[in-house]
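S.K.: Show me the folded form of this:
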Amino acid sequence: MLEKLTKIRRDLHQIPELSFDLYKTHDYVMKLLVNMGYETYVTAQTGIVAVKHGTTNQMIAFRSDMDALPVTEKTGVDFKSKHEGKMHACGHDGHMAMLLGFADKIKDIKLKSHGIMLIFQPAEEFPGGAKIIVEEGFLKRFNVIKIFGIHLYPELEEMKFGFVPGAMMARNGEFNLTLKGKSSHGAQPHHGNDAILAVSHLIHQYHSIISRNIDPLEPCVLTVGTIEGGEARNIIASTVKIKGTVRAFNDKVYELIKNRMKAIEIGIEHSFDVKIEQDFQDFYPIVYNDLDIYQHVIHQFNDSEYQVIEKMTVSEDFSFYQQVVPGMFIMLGTRNINKDYIYPLHHSKFNFDEKVLLKGVEYYDRIAKSYHLYE
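M.R.: From the prediction side, this is the model:
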């Protein structure tokens, strides 16, 4: 199994593709699934749903993401990316290998209760392929009642599972804002409306939202990440653009932040005689691990095999599945200081020992057996 998983992972690592444009990746995964005898369906342009029927009309789903990142690889491995400027820097090559390993393990097993659905999903990084798979109705069509997923995680000791009850990853949104004032000579500021001065007050007031409007026990983030504006040192700026992100683990808190941002923008418009155009896009919901499933899962493992870890302000589109059916998302540790597997997700040097993939297959196998899908 390790030899198979290593080959699959390294084959896929060399052909990273982005978003929905996963044609080589799709063909590689589809060929393996068809050769294993699975009933397969194309979804979300280049995604794949593979099903194995059981004795009931219900199914339990297991999901892997497929897409890579626009990162230039610097690992120095002999199986490095052949696609310049693209890299599996978030472990999705490993995720696919684990799920294909699980598919191989169970391909000849006769299921004794519910069926099994294997989801290979594009566009996790952006803009959210899970949402499209849900909208295309595959979970409803095959009566999926639970869903499980794994993510490799270099912040956790190699081979150890990371479990989180309840809210695990934050809801996220991103905003683009353009503030328009009036230009004038820098020596005659009274003839203009300074967009830079206005946006400085705007950002300052944005950051008062978390500290003064939100319960301090509610974790959330508002970050302005870029700012661009002005023409020259001696010209009052007419236009400034900023971009940022919002994260929260509570929908009410998330909406409160958005409402306060809008109120602040209106106040800034009146105070500085400027106009503000805001484009706010809601992306992924909260990743929320069903508490009943969580309790069931942790009882399948010894205390030494897992660690209860802290929730994270990063986001994951696995959350779209959890809005339809209960599920659980976990982390699988890859950190190995001796082998220099210490770089974070999305880093150009991210790498891991393929032996951890066996642990992922084992996790899926234990979950399936715990629900009596087979012995």
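S.K.: need the helices for this protein, in chain order.
M.R.: Remark: helices assigned in the chain by DSSP state H are 2-13, 23-36, 92-106, 129-135, 138-141, 195-212, 251-272, 291-298, 318-322, 355-370.
S.K.: From what I see, Lys369 and Ile116 are in contact.
M.R.: No: Lys369 is beyond contact range of Ile116, at 11.7 Å (criterion: Cβ atoms under 8 Å). Just so you know, the C-beta spots here come from the backbone N, C-alpha and C atoms, and that holds for glycine as well.
S.K.: Of these two, which one has the most company?
M.R.: Ile116 (26 against 12; other Cβ atoms under 10 Å).
S.K.: Who are the contact partners of the more buried one?
M.R.: Neighbouring residues of Ile116 by Cβ atoms under 8 Å, 6 or more residues apart in numbering: 51-52, 54, 59-62, 106, 368, 373.
S.K.: Next, format those as TSV and append pLDDT and distance to Val144.
M.R.: Below are these laid out as TSV (pLDDT from 0 to 100; distance: Cβ to Cβ, whole Å):
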residue	pLDDT	distance to Val144
Val51	98	10
Lys52	98	13
Gly54	98	12
Met59	98	5
Ile60	98	7
Ala61	98	5
Phe62	98	10
Ile106	98	17
Ala368	98	14
Leu373	98	13
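S.K.: that older thread, what's the closest of the helices of the chain to Gly173?
M.R.: helix 251-272 (7.1 Å; Cβ to Cβ).
S.K.: can you list contacts of the closest one?
M.R.: Taking Cβ under 8 Å, 6+ apart as the rule, helix 251-272 contacts 171, 173, 175, 177, 179, 181, 193-194, 197-198, 201-202, 205-206, 209-210, 213-215, 218, 220, 222, 246, 248, 274-276, 278, 280, 286.
S.K.: And the residue nearest the centre of this structure?
M.R.: Glu316 (2.7 Å; Cα atoms, centre = their mean).
S.K.: For Lys180, which non-adjacent residue is spatially closest?
M.R.: Distances taken as Cβ to Cβ, 6 or more residues apart in numbering place Lys275 nearest to Lys180, at 4.6 Å, with adjacent residues excluded.
S.K.: picking up where we left off before, can you say which of the helices of the chain is nearest to Ile236?
M.R.: Closest approach to Ile236 among those is made by helix 195-212 (8.0 Å; Cβ to Cβ).
S.K.: ok so, going back, got a PyMOL select line for the buried ones in the contacts of helix 251-272?
M.R.: Of those, the buried ones go into a single PyMOL selection, burial set by 16 or more other Cβ atoms under 10 Å:
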select buried, resi 171+173+175+177+179+181+193+194+197+198+202+205+206+209+210+214+220+222+246+248+274+275+276+286
